[in-house]
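sequence isn't available, so here's the structure alone:
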């Protein structure tokens, strides 16, 4: 039913407009009193629960940053069966993001190119909103992803991140430093160790008891991935999220003219799967078992999620396939994970 709706209607709408329309429905679920009813239909089986980052995750599968930029739909996404929701990327200063259009579907590749540019209402507004989310009786685990404000120079990035961390760490179950989006000038340069180490050290001090993770790009070399993984351990971070979107356009099935017309931005979805899995394995090979590693990139099915868990992921996130699979995607993943595990036991 959703596939027909997507093919006939949603695929013909501007992608950002379609996202906003879907988000209205997601936000409305708990607001109009349908949360409890929907939850009975979508709740993960208790056997899927995961203990990590000092929290109990009802499912290992959650929503990646980028879907809910301002933390407006956390409770609705939880109702749909996601075990955690990572909101953001949130910046210290409110910003409109890049000029539209800035979100493009590559339907033959089940992929998306975005150059949103961290559009959000700022850390202060988000902190006030998320305080209410924290007080909800039933909610998913809440992650908060922070990035550099566009107007702030790279040399002043640490102070900018600290402003966000002070506002948001108290309302987050875990905090993420995003240094890997391709859509903010100079941001990816912060992945260089001489810049990354003092940044993470400063944010960790401000975050206090809130677990701190760092999110990295898939376009790093294998050596760079391993160096950042070792740095995360050395600094006592709670974990690593791998990976963000890619600037690569290799191996796409979409008409090259369509890809060219979309222009610059980060590519997410199925084409990212292989590299994301490679990076996960690289990280897990050099970090201790207790370090939380969250895998994201190209995940669409329960089999994809289980493959990441088998490769050492503590938790798994998705975003792009939500556009192609529809509102029952998390339920589908959770039911599939349960089926795979039961089949393994029976075998």
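Sure thing, it's come through. Being a predicted model, the structure only gives us computed values, none of them experimental. Residues are numbered from 1 along each chain as shown.

and residue 99, how far is that from residue 50?
40 Å (CB to CB, to the nearest Å). The way it works is simple: take the backbone N, C-alpha and C, and place the C-beta from them, glycine included.

neighbour-wise, which of those two wins?
residue 50 (20 against 8; other CB atoms under 10 Å).

any idea how far residue 63 is from the more buried one?
15 Å.

next one: residue 175
16 Å.

please apply the same query to residue 120.
For residue 120, the distance to residue 63 - CB to CB - is 16 Å.

more crowded one of the two?
Each of residue 120 and residue 63 has its neighbours counted (other CB under 10 Å); residue 63 has more, 27 against 24.

what about the stretch 51-200 of the chain, any weak spots by pLDDT?
Residues of the stretch 51-200 of the chain meeting the criterion pLDDT under 70: 183, 185, 187, 191.

which stretches of it form helices?
For the stretch 51-200 of the chain, the helices defined by DSSP state H, counting those that start in this stretch occupy 74-79, 123-134, 157-168, 193-207.

kindly report the same for the stretch 201-347 of the chain.
Under DSSP H, counting those that start in this stretch, the stretch 201-347 of the chain gives helices at 222-235, 256-262, 273-286, 302-310, 320-325, 329-346.

ranking the ones you listed by burial, who's on top?
Burial of those is given as mean neighbour count (mean count of other CB atoms under 10 Å); helix 320-325 ranks first at a mean of 22.

which elements pack onto that one?
Under the contact definition 3 or more CB pairs under 8 Å, 6 or more residues apart in numbering; DSSP states H and E, helix 320-325 sits against helix 2-8, helix 15-31, strand 111-114, strand 266-269, helix 329-346.

cutoff 10 Å now
Judged by 3 or more CB pairs under 10 Å, 6 or more residues apart in numbering; DSSP states H and E, helix 320-325 is in contact with helix 2-8, helix 15-31, strand 103-106, strand 111-114, strand 266-269, helix 329-346.

take these and lay them out in CSV including distance to residue 152.
Shown next, in CSV, are those (distance: least, CB to CB, whole Å):
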stretch, distance to residue 152
helix 2-8, 38
helix 15-31, 25
strand 103-106, 24
strand 111-114, 21
strand 266-269, 20
helix 329-346, 35
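
for residue 320, find the nearest of these.
Nearest to residue 320, of all the helices and strands packed on helix 320-325, is strand 266-269, at 3.9 Å by CB to CB.

helices or strands up against the closest one?
Applying 3+ CB pairs under 10 Å, 6+ apart, one finds that strand 266-269 contacts strand 103-106, strand 111-114, helix 320-325.

what is the rounded mean pLDDT of the last one?
When you say that, I think you mean helix 320-325. Predicted confidence along helix 320-325 averages 89 (mean pLDDT).

brilliant, that's me finished.
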